[in-house]
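build me a model from this:
(2 chains)
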Amino acid sequence: MDQSIPVWVPLLLSLRVAGTAIVIASCIAMLAAWCLARRKGPLPALIDAACTLPLVLPPTVLGYYLIVLVGRRGIVGKWLNEVGINLIFSWQGAVIAATVVVFPLVYKSGRAALEQVNTDLENAARTLGASEWRVLLTVSLPLAWRGIFAGIMLAFARGMGEFGATLMVAGNIPGKTQTLALAIYDAFQAGDDDLALKLVVITSFVCVGLLALAETIVKPRTG
Amino acid sequence: MITVRLEKAFPKGVPPFSLSVDYTFTAEQPRAVLFGPSGSGKSLTLRCLAGLMKPDRGLVRVADHVLLDSAGNVSVPARHRRIGYMFQEYALFPHLNVLENVAYSHTGNFPRFMRSDVREKARGMLERFSVGHLAERMPGTLSGGQRQRVALARALNADPLLLMLDEPFSALDTILRERLREELADMLEKLTIPVIMITHDPEDVDFFADVLVLYNHGRATPVPDYRRMRRHFPTASACLRHLQRVCWNEPEGEDSVTGIAPETADADGTSPNAIAPSTDRPDGARHGAPAESSVG
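Numbering: from 1, shown residues only, chains lettered A, B, ... in the order given. The predicted structure follows:
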């Protein structure tokens, strides 16, 4: 690793990538969770499996799929290339990789949280004239937000540590696409154990901090 | 007048269950009680009426509003049916205070913000049920009786065409139940809309039923003249047991009413054995249509 790049550069990049990815993933994942909550049947089961897939596939497989999709000669990438957008080896590419990786965490916890809301409450809102959208906004989300928020924080922490898919899609360019996890690998490979240790400690503290923060917000105050 | 014709099958249930009911309340403002054991299809009927569940086939008409007509492909969504529904556990929104709960039918995506006229209307409704002082409280801090009043106020604040109560007392202990039964009867007395109540407590039937519908295994038999029938029996449960036996050809249990022998015709010449089906379909399609079964 280039010694001229201070440690806070990969840290800020990681936060930026994970933060952007979480915003995108949360919107899509919660929409999917809302659409699929309490749905039974083969089609919803299939969509659910597809939404959960990134959780079980190796990140390298995800990275491969993403390159096929948004790479320079990829299915979507071809079109993007023509209008001058190139996602490969850019921090936006890292965002897309992280988005796919954290998506199932938000989706799974969001769906579970929505399904735990008492159906009588949602039905009561319907008989009182509320549309499905209003039921979601005024009843389901306010009652499920703790579970949803916990899932988002968990996904954020996971996004901070994303390695495999990011490496394949965004590469490992110091100061540009080199996130914390990639910087650690680089430093370790280069024999710079001091730097690696420093980065490892930073990563651990940030993740522990995030999860602890989530825990205190989510747990209802007692006594 | 309310017409209820519903068919819904759950062939994959264990055991398989099917709801098939057909009855009409002819009165202007009927006070009907659906009575039957748990799992006989009472709640399912209410859900179909409210539009929370779609029957396989059916027709639901309240006054001149057709809410469901599978033949004509009409199915008004729940939010437009204008049916007040008081849920078994009252289903008050735990994250909104009492006033916000009652005003919910007139607020938007932010239930905490309400126009002053909406606020006044909700307050007025709370006053009407003597719970105005609870407006700022959260539902979790209310007693069972207070919750019931708030739930009733919330349902009526939406200006429903019909009020439905699903086991209004099951969430309460016995002593409270006795008191609230009288209170609720008084409150319902003042309403000018039809009321349908579900119960499996005979005492509730005595208090609330003008019209009775007996449920059993997904089938229903209306008893339009319950009040007259009731006079032949010392207790509500005796009367109901008798009616159930006549309707469903049930064998006599150990609680047989033989001892009180309601065979003798009353002064007005009616015999409790004769319960006339009130529907306009005398084709016996209903399972267990009142048969000429012997009594005791």
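
taking the centroid of chain A, which residue is nearest it?
A:Val102 (2.8 Å; C-alpha atoms, centre = their mean).

which SS class is that one?
Assigned state for A:Val102: helix (three-state reduction, DSSP: H, G, I helix; E, B strand; the rest coil).

my guess is it meets A:Ile24, correct?
No. Counting by C-beta atoms under 8 Å, A:Val102 does not reach A:Ile24; the two are 9.4 Å apart. Placement of C-beta: from N, CA and C, glycine included.

what packs against the longest helix anywhere in chain A?
With secondary structure taken from DSSP state H, chain A has its longest helix at helix A:8-36. Judged by 3 or more C-beta pairs under 8 Å, 6 or more residues apart in numbering or on different chains; DSSP states H and E, helix A:8-36 is in contact with helix A:42-56, helix A:91-115, helix A:141-160, helix A:180-189, helix A:193-218.

tell me which of those helices sits most buried.
Mean neighbour count (mean count of other C-beta atoms under 10 Å in any protein chain shown) peaks for helix A:91-115 among the helices and strands packed on helix A:8-36, with a mean of 24.

just the angle for that one relative to helix A:180-189, thanks.
Between helix A:91-115 and helix A:180-189, the angle comes out at 130 degrees (axes from the mean of the first three to the mean of the last three C-alpha atoms, to 10 degrees).

chain center to helix A:91-115: distance?
Relative to its parent chain, helix A:91-115 has a centroid offset of 4 Å by C-alpha atoms, centre = their mean, to the nearest Å.

point out the other helices and strands that it packs with.
Counting by 3+ C-beta pairs under 8 Å, 6+ apart, helix A:91-115 packs on helix A:8-36, helix A:42-56, helix A:59-70, helix A:141-160, helix A:164-170.

with mean pLDDT added, can I get those helices in TSV?
Rendered in TSV, the data for those read as follows (pLDDT from 0 to 100):
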stretch	mean pLDDT
helix A:8-36	94
helix A:42-56	94
helix A:59-70	92
helix A:141-160	93
helix A:164-170	91
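
how about JSON lines for these, with distance to B:Arg228 added?
Output for the helices and strands packed on helix A:91-115, formatted as JSON lines (distance: least, C-beta to C-beta, whole Å):
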{"stretch": "helix A:8-36", "distance to B:Arg228": "52"}
{"stretch": "helix A:42-56", "distance to B:Arg228": "52"}
{"stretch": "helix A:59-70", "distance to B:Arg228": "74"}
{"stretch": "helix A:141-160", "distance to B:Arg228": "48"}
{"stretch": "helix A:164-170", "distance to B:Arg228": "77"}
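
pretty sure A:Ile88 is touching A:Gly71, no?
Yes. Using C-beta under 8 Å, A:Ile88 makes contact with A:Gly71 at a distance of 5.7 Å.

what's the overlap in contacts for the two?
A:Gly77 (C-beta atoms under 8 Å, 6 or more residues apart in numbering or on different chains).

dump the residue contacts of residue 170.
Reading this off chain A. A:88-91, A:93-94, A:97, A:177 are the contacts of A:Ala170 under C-beta under 8 Å, 6+ apart.

that answer is for a different chain, and I need it for chain B
Listed by C-beta under 8 Å, 6+ apart, the contact partners of B:Ser170 are B:Gln88.

and the gap between it and B:Arg177?
Distance, B:Ser170 to B:Arg177, by C-beta to C-beta, to the nearest Å: 9 Å.

where's A:Gly175, which helix or strand?
For A:Gly175, there is no helix or strand it lies in under DSSP states H and E.

how much space between the closest residue to it other than its chain neighbours and B:Glu127?
Nearest non-adjacent residue to A:Gly175, counting by C-beta to C-beta, 6 or more residues apart in numbering or on different chains: A:Ile5, 5.3 Å away. Per C-beta to C-beta, A:Ile5 is found 69 Å from B:Glu127.

same question, B:Cys247
43 Å.

and the two? which has more neighbours close in?
B:Cys247 (25 against 13; other C-beta atoms under 10 Å in any protein chain shown).

check the residue nearest to that one when sequence neighbours are not counted and give its pLDDT.
Spatial nearest neighbour of B:Cys247, chain neighbours left out: B:Thr221 (4.4 Å); criterion: C-beta to C-beta, 6+ apart. At B:Thr221, the predicted lDDT confidence score is 89.

which elements pack onto the one helix or strand B:Thr221 maps to?
Using DSSP H and E, B:Thr221 maps to strand B:219-223. Applying 3+ C-beta pairs under 8 Å, 6+ apart, one finds that strand B:219-223 contacts strand B:17-25, strand B:211-216, helix B:236-248.
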